[in-house]
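Asker: I would like to see how this sequence folds:
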Amino acid sequence: MKLGLGLGYWGAAQPPGQARLVELAEDHGYDSVWTGEAWGSDALTPLAWLGSRTRRLRLGTAIVQMAARTPTATAMAAMTLDHLSDGRFVLGIGASGPQVVEGWYGQPYERPLERTREYVSILRQALCRDVVRFAGRHYELPASTGTGLGKSLRSTLHPRRPCLPVLLAAEGPKNVALAAEIADGWLPLFYSPYDDTQHRSSLASGFAHPHARSTAESFEVVCPVDVVVDEDIDRAADAVRPRLALYIGGMGPKGRNFHYDVFARIGFEADCQRIRELYLSGRKGDAAAAVPRTLVEQVALVGPAAKIRDEARAWSDSLVTTLVVRGDERAVRVAAEAFR
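Answerer: Numbering: from 1, shown residues only. Coordinates of the predicted model:
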């Protein structure tokens, strides 16, 4: 089990102490640091800024939203960061959801699996410095509309290495299978080491595809996990509950909330219905309070250091190859000890 540090995306401004946290993670033997984006701070700029202070940490995006950049623009950024970091960059991408894609980026969200497949195909052409040509339902290079003067181009920048890893964020069973088929790794947002039968089945389906890129042995599973160290378990869980309530209740409309579905599939559907009802009625505090501690403990490590050490075994025995710690300096230290 490798450890990563998860910084996510900013709120109103850059959270204080991020540079110190990154240095601490590197000092404690962490393998990687990961940034994200929603509809505020982007994933690439903070990663480049903070990554310049590191010596060996892999620098990963979890995630770059596909709607934010064309496939070739994402390839340009990835190759540039890979050069600047001397081959330490890991590109994590994801489709996001309809509220963000259509509301923030002004793009249609229909057929996300098909769109992802096309995006990754173009991305790999650019990353390998092939001449980029593609004619699909969602993307066309060169474009057939406009002036008609478009040319098939190859990157002027030579790749730092031939196989820059591409990881795919996925939650639904079909999307998880797609990750195993076309990507070098999978980025779950919420994952339970205690109930992952469906995930194993989906990954096996993807690996069985005749043109699958990876095998189970070479595939990365990079999972963010909230780590809150506190002698009071319920108080520790309280630090996680608002985020879970946000994703279960507010990150998607009824019937199209993939985060809600993750928890419903592992036995918490009645709780999810209540959380969603409260959240959508504006009672966000009550929605957070309605998140059971048992649900928190399925996807997070909360409580005294000894409890976290005991629960580390379940994560070490799971599909996860890199556990990405989301927490403060104490969480970074305790996780390093627990997974040593």
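
Asker: now the strands for the stretch 51-200 of the chain?
Answerer: Secondary structure of the stretch 51-200 of the chain, counting by DSSP state E, counting those that start in this stretch: strands at 58-61, 64-65, 89-94, 134-135, 140-141, 166-169, 185-187.

Asker: Quick check: which helices or strands does the fourth one pack against?
Answerer: Put plainly, it is strand 134-135. Applying 3 or more Cβ pairs under 8 Å, 6 or more residues apart in numbering; DSSP states H and E, one finds that strand 134-135 makes contact with helix 112-127. All C-beta atoms are positioned from the backbone trio N, CA, C, and that covers glycine.

Asker: mind checking how far the helix it packs on is from the chain centre?
Answerer: Centroid displacement of helix 112-127 relative to its chain, using Cα atoms, centre = their mean, to the nearest Å, is 17 Å.

Asker: Check stretch 4-14 too.
Answerer: For stretch 4-14, the distance to the chain centre is 13 Å (Cα atoms, centre = their mean).

Asker: and if you look at stretch 190-210?
Answerer: Centroid separation between stretch 190-210 and its chain, computed with Cα atoms, centre = their mean, is 16 Å.

Asker: Please spell out which residues along the helix or strand harbouring Pro46 are buried.
Answerer: Using DSSP states H and E, Pro46 sits within helix 44-51. Residues of helix 44-51 classed as buried: 44, 46-48, 50-51 (neighbour count, 16 or more other Cβ atoms under 10 Å).

Asker: Excluding chain neighbours, what is closest to Asp234?
Answerer: Nearest residue to Asp234, sequence neighbours excluded (Cβ to Cβ, 6 or more residues apart in numbering): Arg293, at 6.4 Å.

Asker: distance of the one you found from Ile233?
Answerer: 7 Å (Cβ to Cβ, to the nearest Å).

Asker: what's the answer for Val176, then?
Answerer: According to Cβ to Cβ, Val176 and Ile233 sit 31 Å apart.

Asker: Between those two, which is the more surrounded one?
Answerer: Val176 (23 against 16; other Cβ atoms under 10 Å).

Asker: Is it correct that that one is in contact with His199?
Answerer: Yes. In this structure, Val176 is within contact of His199 by Cβ atoms under 8 Å, at 6.1 Å.
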